[in-house]
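Participant: A structural model of the following input is requested.
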Amino acid sequence: YMLGEFSDNEEMFRVHLIQFINKYAQSRVVGFDAVYVHIVDNYYAKGKAPWVNEEQLNKMLKNSKTLKPILVGKIAPDIQLTTRNGKKLRLHEIESDFTVLYFWDPDCGHCKKSIPQVVEFYENFKDKGVEVLAVCTKLTDKVPECWDAVDDRGMDIWINAADPYLRSRYKQIYDIRSTPMIYVLDENKEILSKKISSSQLEDVMSKLIEMKAEDKL
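Facilitator: Prediction:
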């Protein structure tokens, strides 16, 4: 609406478009990346920001393309992983009312702090239709470090997996630029929340379970 109001004023349009794209590109509010995608696709991709150089435009288009399939409300892309015993496992094969997709690394300092919180969360919610799929981001000959950490940190209570040769491309698909990274999915693998902290999991899940119960009434 705001940009439409300034469609006949090039200077004001430019000022507000830049303001909006910067605001939503940097927003830490869950789901606001959808606004960034909308702005890129409907303004920058359509040539309505001619002042942007080609390199910057291509970067924005690439970011939008990456984010679009993993926006809140989208069905989480299916990925095939490998469990500790070598069994193949697909994300969409997991049958649970809610699935917490948890990307982590044994050497990650933030992961070391978050894992006890996720363990406590799972103990409190595993009987409420919640499953955790923890994906260790180590590759090739470093994968055994994942299983050692699973044992040492009490993570053997949920589903653990890895992708040693990154055949699923999950790092690109789920925009894993750092760890830990958390996605919350429903029974149909629709993304309900994402990129939240482990300390927020309990509050978020309690609200989601409450909403699901209300929908059944």
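Participant: Give me the contact list for stretch 130-142.
Facilitator: 81, 91, 94, 96-106, 118, 122, 143, 145-146, 149-150, 155, 158-166, 170-171, 176, 179, 205 (CB atoms under 8 Å, 6 or more residues apart in numbering). In short, each C-beta sits where N, CA and C put it, glycine included.
Participant: Next: stretch 82-90.
Facilitator: 78-81, 147, 150, 159-164.
Participant: Name the residues of it that are buried.
Facilitator: For stretch 82-90, burial by neighbour count (16 or more other CB atoms under 10 Å) applies to 82, 84.
Participant: how far does that stretch sit from the chain's center?
Facilitator: Remark: stretch 82-90 is offset 22 Å from the chain centroid, using CA atoms, centre = their mean, to the nearest Å.
Participant: export that stretch as PDB, just CAs?
Facilitator: Extracted in PDB, the C-alpha atoms of stretch 82-90 (Å, rounded to 0.1, in the frame of the first residue of the first chain):
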ATOM      1  CA  THR A  82      21.500 -41.600   6.900                       C
ATOM      2  CA  THR A  83      21.100 -42.900  10.500                       C
ATOM      3  CA  ARG A  84      23.900 -44.200  12.700                       C
ATOM      4  CA  ASN A  85      23.300 -47.800  11.600                       C
ATOM      5  CA  GLY A  86      23.400 -46.800   8.000                       C
ATOM      6  CA  LYS A  87      19.700 -46.900   7.400                       C
ATOM      7  CA  LYS A  88      18.200 -44.400   4.900                       C
ATOM      8  CA  LEU A  89      15.600 -42.000   6.400                       C
ATOM      9  CA  ARG A  90      13.400 -39.400   4.700                       C
END
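Participant: what pLDDT, on average, does it get?
Facilitator: Across stretch 82-90, pLDDT averages out at 96.
Participant: begin at 499 from here
Facilitator: Noted, 499 is the first residue going forward, which turns the last one into stretch 580-588.
Participant: circling back to that earlier point, could you redo the contacts of stretch 580-588 as TSV and give each row distance to Asn520, secondary structure and neighbour count?
Facilitator: Rendered in TSV, the data for the contacts of stretch 580-588 read as follows (distance: CB to CB, whole Å; DSSP: H, G, I helix; E, B strand; the rest coil; neighbours: other CB atoms under 10 Å):
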residue	distance to Asn520	secondary structure	neighbour count
Asp576	33	coil	12
Ile577	32	coil	20
Gln578	37	strand	15
Leu579	36	strand	21
Trp645	43	helix	19
Val648	40	helix	19
Ile657	39	strand	20
Asn658	39	strand	22
Ala659	37	strand	19
Ala660	37	strand	23
Asp661	34	coil	20
Pro662	39	coil	16
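Participant: Restricted to helices, list the contacts of stretch 628-640.
Facilitator: Among the contacts of stretch 628-640, the residues falling in helices (DSSP state H) are 616, 620, 643-644, 647-648, 668-669, 703.
Participant: What is the most widely separated pair among those residues?
Facilitator: By the measure CB to CB, Glu643 and Met703 form the most distant pair in those, at 28.8 Å.
Participant: These two: which has the busier surroundings?
Facilitator: Met703 (21 against 15; other CB atoms under 10 Å).
Participant: can I assume the more buried one is in contact with Tyr620?
Facilitator: No: the pair Met703 / Tyr620 is not scored as a contact, 10.1 Å apart, by CB atoms under 8 Å.
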